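Asker: pasted the sequence and its predicted model underneath.
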Amino acid sequence: MAIPYESLYKEVQIVINNKMEEFQYFGYDAITKEDLWNYCIEKKWRKKDINELRLHEVVATIFTVTSSELISYAQVKGLKEDTFQLQIPAEEMNHLFHLKPPNDSEQ
């Protein structure tokens, strides 16, 4: 996977690693460095020219990202991209909604 703005990413690698350690400490092992970086680019800096961001702004943004922001963003993004698919068997769906199976005598 190519990382957008790779040179800036390399400059703040230690900050990203530190933030990842924080996420892992609190049990968010599914969050990756790429998730964090892409969230910052796509959400936090989307209206800014990333090439004009100052290093201290980039660092401050990374340090202030919360796990709940990342998770919410990933959920919304997944729904928008229609990659979030819930596979529930018909029998379980009927049970969840208290539906009776079709009766052959009613046809």
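Answerer: Perfect, I can see it now.

Asker: centroid residue for this protein?
Answerer: A74 (2.7 Å; CA atoms, centre = their mean).

Asker: where do the helices of the protein begin and end?
Answerer: Counting by DSSP state H, the chain has helices at residues 6-11, 13-25, 33-39, 55-64, 67-80, 90-96.

Asker: ranking these by burial, who's on top?
Answerer: Ranked by mean neighbour count, the helices of the chain are led by helix 33-39 with a mean of 17 (mean count of other CB atoms under 10 Å). C-beta coordinates here come from the backbone N, C-alpha and C atoms, glycine included.

Asker: pLDDT averaged over it - what is it?
Answerer: Mean pLDDT, computed over helix 33-39, is 93.

Asker: what packs against it?
Answerer: Under the contact definition 3 or more CB pairs under 8 Å, 6 or more residues apart in numbering; DSSP states H and E, helix 33-39 sits against helix 13-25, helix 67-80.

Asker: one step back: show me the contacts for the residue nearest to the centre of the chain.
Answerer: Residues near A74 by CB atoms under 8 Å, 6 or more residues apart in numbering: D35, Y39.

Asker: give me the pLDDT for it.
Answerer: Looking at A74, the pLDDT reads 86.

Asker: can you tell me how far it is from I14?
Answerer: 24 Å (CB to CB, to the nearest Å).

Asker: and for L55?
Answerer: 12 Å.

Asker: neighbours of C40, just the number please.
Answerer: 22 (other CB atoms under 10 Å).

Asker: how about Y28: what's its closest non-neighbour residue?
Answerer: S67 (4.7 Å; CB to CB, 6 or more residues apart in numbering).
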